[in-house]
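Undergrad: sequence first, predicted coordinates after that:
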Amino acid sequence: MPELPEVETIRRGLAPLLTGRRVVAVEVRERRLRQPIDARVPGRLRGAMVTGVKRRSKYLLLETDAGWTVLLHLGMTGQLWVSEPGRVSRPHQHVVFKLDDGRELRYADARRFGLIDLIRDRELHEHPRLRGLGVEPLEDGMTGEWLHRATRGRRKPVKNFLMDTRAIAGIGNIYACEALFRAGVNPRRPVHRIGRRSWDDVAVAIRAVLEEAIQAGGTTLRDFLNAEGNAGYFAVSLRVYDRKGESCGRCGTNIRRIVQAGRSTFYCPRCQK
DNA sequence: CGGTGGACCTGCTGGC
DNA sequence: TGCCAGCAGGTCCACC
């Protein structure tokens, strides 16, 4: 479900609600996520105060004053929100963090592809899930120049490259498709056959689409909800994703769906060369 | 290096 | 109306 803009939307919603709050208890109802939740999590977090809420790629990081940072990933269907106590439910609520103001941080995840782990502060950057992540696409370093250089000696299709978190971290299926449409680049084009100028277009398009999506509170196609339980409204601004057979808003040609690396790719065969 | 296919899971939808 | 194949905002691994 959530790509960078959705995770960032959740981060921005959680930060003011969690910062300065203490965790009074953690209730783990289902520990079988992508990797089983460590049984020591509740004990280690009891009494810890949240000092900050950060994001790296599609991971959320809840920093605490107890020497531990909570690493969270939402997988495809994860939801994370703050609720009033005893508030109505959604199904598949696997973890509840009880806070000192009486509210609760709740984690739900139907497919259980998500992840919750603790990292010792000083080992933050060596954690196996974080080590090896590539550049943040909204950082200044992600330029056409950088993309051009990062792809020298490679031959994979550009869409697969954009989704490779070891190169660029946080772009998923929706925004890879949308950025390439905006840049006018065919998703199948091998990276070594893309020129410097086109890489500039790709860099600009990535930044623009991610920033606009964050402004819109993310994309809700099926089940994405932010930290307050509200849907994002960027879905109406998607130009190709999930629009197979619809006509391209720019040229009128039918939008096509193909499969790359087992994932659906949507593009306009006329606008994207 | 790349590409494919599958694994992990549950839930929804579109076509018959 | 009911059933079921196919597909889903993500990773990770084995294999060619």
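TA: Nice, I can see it. Numbers count the residues shown, from 1 in each chain, chains lettered A, B, ... in the order given.
Undergrad: in the stretch 1-150 of chain A, where is pLDDT below threshold?
TA: Nowhere does the stretch 1-150 of chain A drop to pLDDT under 70.
Undergrad: return the nearest residue of it with respect to DNA strand C.
TA: Closest to DNA strand C within the stretch 1-150 of chain A is A:Met1: 3.7 Å, counting by CB to the nearest atom of the strand. Glycine gets a C-beta too; all of them are placed from N, C-alpha and C.
Undergrad: same check on the stretch 101-250 of chain A?
TA: Residue nearest to DNA strand C within the stretch 101-250 of chain A (CB to the nearest atom of the strand): A:Gly172, separated by 2.1 Å.
Undergrad: thinking the residue of the stretch 1-150 of chain A closest to DNA strand C is in contact with A:Gly78, fair?
TA: Yes - with contact defined as CB atoms under 8 Å, A:Met1 counts as touching A:Gly78 (6.8 Å).
Undergrad: have a look at the two and say which one is more surrounded.
TA: The residue with more neighbours, out of A:Met1 and A:Gly78, is A:Gly78; 30 against 26, by other CB atoms under 10 Å.
Undergrad: check contacts around that one.
TA: Counting by CB atoms under 8 Å, 6 or more residues apart in numbering, A:Gly78 touches A:Met1, A:Pro2, A:Leu72, A:Tyr107, A:Ala108, A:Asp109, A:Phe113, A:Gly114.
Undergrad: repeat for A:Gly229
TA: A:Trp81, A:Ser83.
Undergrad: which SSE is it in?
TA: Counting by DSSP states H and E, no helix or strand carries A:Gly229.
Undergrad: what does chain A put close to DNA strand C?
TA: Contact residues, chain A versus DNA strand C (CB under 7 Å from any atom of the strand): A:1-3, A:6, A:34, A:57-58, A:73, A:75-76, A:111, A:113, A:128-129, A:165, A:172-174, A:218-224, A:262-264.
Undergrad: again, only using 6 Å
TA: Within chain A, the positions adjacent to DNA strand C are A:1-3, A:6, A:58, A:75-76, A:113, A:129, A:165, A:172-174, A:219-224, A:263-264 by CB under 6 Å from any atom of the strand.
Undergrad: which of those residues are buried?
TA: Burial by neighbour count, judged by 16 or more other CB atoms under 10 Å, picks out A:1-3, A:6, A:58, A:75, A:129, A:172-174, A:219-220, A:224 from the residues of chain A next to DNA strand C.
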